[in-house]
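1. what would the 3D arrangement of this be:
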Amino acid sequence: MRKIKLIDNISGLQLYQLMKPVIFLIISIVFTKSHLTRAEIGQWEMFMFIAGLITFFWVTGMIQSLLPLYHRNKTYRKVGDNGTSKSPEIFNAFLLLCFFSLLVFALGHGVKNHFSVFHFSGNVPYLNLLLLFVLLNSPVQLIEYIYLLNNRAYRIFQYGLYTFLAQLVLIILPVIFEKDILWSIYGMLVITGVRWIWLIILLRRYTEMKISVDFMKEHLYLATPLILTTLISGSAQYTDGVIVSAVYRDPGMFAWFRYGAKEFPLVLMLANGLSNAMLPEFSTRERMRESLAKIRAKSKRLMHILFPAAMLMMIFSRWLYPRMFNAEFHKSADVFLIYSLLIIPRLVFPQTVIVGRKKTHITLIAAILELAVNIPLSLLMIKWGYNIVGVALSTVIVYIIGKAFLAGYLWVKMNIKPSEYIPLRIFALYSIALGMVFVLIDHRIIDIK
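-> Predicted coordinates for the structure are as follows:
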């Protein structure tokens, strides 16, 4: 069979990262068609939102900093320095992820009796289960990257297919049988336990279980700016979710926003997959020009696929949302329409070059700039009457500002022109076309309901 040759590291990680939003989209559809009320769906969304909110920044920072360090670090310069082909870097990264998970778990239990999120009435839903989920779920996010670093591209796809299908079944079956949403949370915990078993098997197979304080220090030194970057800038769903929940204090409004605040899954996951898979290739100066040409070609291919697909989704979004979910969620379509514009900054990758070259402090500066614009602009948009749609629009603006800053740094400080890693003509044409489609839909000239 030729399975391995059909999927490389980039496409394997892209396919894996695409599965998650697809599975959760199916779950969202099932929930809205079930006996669950909008408030109960809001509880599920809040559970998953908080679990991501308190972990996404350090998990992202630790994993992204591991990729350029793998076999290219001061502690373990290459495979063979330790007389083994197994990786001590991955094992020590696993220990750091476990440490942060335990820290969040302990802090959560320490403050849980005084903890209410974003002024919602009542406590966080199922807080004890939430903290247990955080403890177990964060380290298992290393699995796909163990496969990536060991060039097991097809295994990334295989692992995702098995575990996400199992996750789908364990979450929706209780709802289909009209059980409480609590049983779906139990299903999430069960599949997380399965992933832990999978992780232990991979650690035994691919890692040298040797603790290295020196490597942990080196890893943390590179990871800290990335952790702070992700914490400050967050992502659209987390930053915007905090603002919406703080201003409106309504689980129903929060559910409306969360169902709309979903980027087109193909865009987000394929772009992130390409960026993360390319990080190790920028870690050496010798392959810089080759890697720039490669990411330019790969991003051009994505543009030809994703821009037309995004335009099509925008045109049908107002027709699709009430039918995919139910009539109550028609307002979510306008939020989704604006989030679709995020394809413009998503498909340029200056951050990949900068992080790959281990200049993570630059991404931190960009994150501070984004935060300085995002929060006040979002609040102004709400004040001006744009409501939750304005929050989404401000996010598009700050993402464009952040990417422009990073591209400017590469050009001025590293002498890397945008044309070296961005297919500028194709990108400009598609961006203008997307903007025109948005204006036509926004002014109801294109109005498919």
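2. helices or strands up against the longest helix along the chain?
-> Ordering each helix of the chain by length in residues (DSSP state H) puts helix 288-324 first. For helix 288-324, the helices and strands in contact under the criterion 3 or more Cβ pairs under 8 Å, 6 or more residues apart in numbering; DSSP states H and E are helix 9-33, helix 265-278, helix 332-339, helix 343-346, helix 350-356, helix 424-442. In short, each C-beta sits where N, CA and C put it, glycine included.
3. any idea which of those helices gets closest to Asp180?
-> For the helices and strands packed on helix 288-324, proximity to Asp180 was assessed by Cβ to Cβ; helix 9-33 is nearest, at 12.5 Å.
4. how far does that closest one sit from the chain's center?
-> A distance of 12 Å separates the centroid of the chain from that of helix 9-33, by Cα atoms, centre = their mean, to the nearest Å.
5. just the strands in the stretch 1-150 of the chain please.
-> Under the criterion DSSP state E, counting those that start in this stretch, the stretch 1-150 of the chain contains no strands.
6. remind me which residues of it are low pLDDT?
-> Residues of the stretch 1-150 of the chain meeting the criterion pLDDT under 70: 1-6, 77-85, 113-124.
7. which other helices and strands contact the helix or strand in which Ile397 is found?
-> When secondary structure is defined by DSSP states H and E, Ile397 falls within helix 387-413. Using 3+ Cβ pairs under 8 Å, 6+ apart as the contact criterion, the secondary-structure elements in contact with helix 387-413 are helix 236-248, helix 251-260, helix 332-339, helix 343-346, helix 350-356, helix 360-383.
8. let me have those in TSV, extended by mean pLDDT, distance to Gln141 and mean neighbour count.
-> Listed next are the helices and strands packed on helix 387-413 as TSV, based on pLDDT from 0 to 100; distance: least, Cβ to Cβ, whole Å; neighbours: other Cβ atoms under 10 Å:
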stretch	mean pLDDT	distance to Gln141	mean neighbour count
helix 236-248	67	16	21
helix 251-260	68	21	23
helix 332-339	82	23	23
helix 343-346	93	21	22
helix 350-356	91	18	25
helix 360-383	85	19	18
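9. could those helices go into JSON lines alongside distance to Arg287?
-> Written out in JSON lines, the entries for the helices and strands packed on helix 387-413 read as follows (distance: least, Cβ to Cβ, whole Å):
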{"stretch": "helix 236-248", "distance to Arg287": "32"}
{"stretch": "helix 251-260", "distance to Arg287": "41"}
{"stretch": "helix 332-339", "distance to Arg287": "35"}
{"stretch": "helix 343-346", "distance to Arg287": "24"}
{"stretch": "helix 350-356", "distance to Arg287": "10"}
{"stretch": "helix 360-383", "distance to Arg287": "20"}
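10. so which of the ones you listed is nearest Phe56?
-> Nearest of the helices and strands packed on helix 387-413 to Phe56, taken as Cβ to Cβ: helix 236-248 at 6.5 Å.
11. Ile343 and Ala310 touch, don't they?
-> Yes. Using Cβ atoms under 8 Å as the test, Ile343 is close enough to Ala310 to be in contact (4.9 Å).
12. mutual contacts of the two, please.
-> When Cβ atoms under 8 Å, 6 or more residues apart in numbering defines a contact, the residues bordering Ile343 and Ala310 alike are 264, 267, 434.
13. nearest to Phe177, of the helices and strands packed on helix 387-413?
-> helix 251-260 (22.4 Å).
14. what about Leu135, distance to Ile227?
-> Here the criterion is Cβ to Cβ, to the nearest Å. By it, Leu135 lies 18 Å from Ile227.
15. the spatially closest residue to Phe316 that is not a sequence neighbour: what's it in contact with?
-> Leaving out its chain neighbours, the residue that sits closest to Phe316 by Cβ to Cβ, 6 or more residues apart in numbering is Ile448, at 5.9 Å. When contacts are counted by Cβ under 8 Å, 6+ apart, Ile448 touches 315-316, 318-319.
16. drop anything exposed from those.
-> When neighbours are counted using 16 or more other Cβ atoms under 10 Å, the contacts of Ile448 contain these buried positions: 315, 318.
17. where does confidence bottom out across the contacts of Ile448?
-> Of all those, the one the model is least sure of by pLDDT is Arg318, with 81.
18. what about it, distance to Ile29?
-> Separation of Arg318 from Ile29 (Cβ to Cβ) stands at 17 Å.
19. the helix holding Ile397 vs helix 424-442, what angle?
-> 170 degrees (axes from the mean of the first three to the mean of the last three Cα atoms, to 10 degrees).
20. for helix 387-413, what is the distance to the chain centroid?
-> In this view, helix 387-413 has its centroid 17 Å away from the chain centroid, taken as Cα atoms, centre = their mean.
21. got the angle for that helix vs helix 360-383?
-> Following the same axes, to 10 degrees, one obtains 150 degrees for the angle between helix 387-413 and helix 360-383.
22. of the helices and strands packed on helix 288-324, which is nearest Lys413?
-> Of the helices and strands packed on helix 288-324, the one closest to Lys413 (Cβ to Cβ) turns out to be helix 350-356, at 9.7 Å.
23. other SSEs contacting the closest one?
-> Other elements packing on helix 350-356 under the criterion 3+ Cβ pairs under 8 Å, 6+ apart are helix 56-69, helix 265-278, helix 288-324, helix 360-383, helix 387-413.
24. residues contacting that helix, please?
-> For helix 350-356, contacts defined as Cβ under 8 Å, 6+ apart pick out 64-65, 68, 226, 274-275, 278-283, 291-292, 295, 360, 362-363, 366, 403, 406-407, 409-410, 414, 416, 418, 421.
25. name only those of the residues you listed that count as buried.
-> The neighbour-count test (16+ other Cβ under 10 Å) marks 64-65, 68, 226, 274-275, 278-283, 291-292, 295, 360, 362-363, 366, 403, 406-407, 409-410, 416, 418, 421 as buried among these.
26. what sits against the closest residue to Phe427 other than its chain neighbours?
-> On the basis of Cβ to Cβ, 6+ apart, the spatially nearest residue to Phe427 that is not a chain neighbour turns out to be Met303, at 6.3 Å. Contacts of Met303 were listed using Cβ under 8 Å, 6+ apart, and they are 347, 423, 426-427, 430.
27. which one (most neighbours) among these?
-> For the contacts of Met303, neighbours were counted by other Cβ atoms under 10 Å; the highest total belongs to Leu347, with 25 neighbours.
28. pLDDT score assigned to that residue?
-> We note a pLDDT of 94 for Leu347 in this prediction.
29. next: Ala261.
-> Looking at Ala261, its pLDDT stands at 68.
30. next one: Arg204
-> Value listed for Arg204 in the pLDDT field: 93.
31. with Pro423 instead?
-> For Pro423, the predicted pLDDT is 95.
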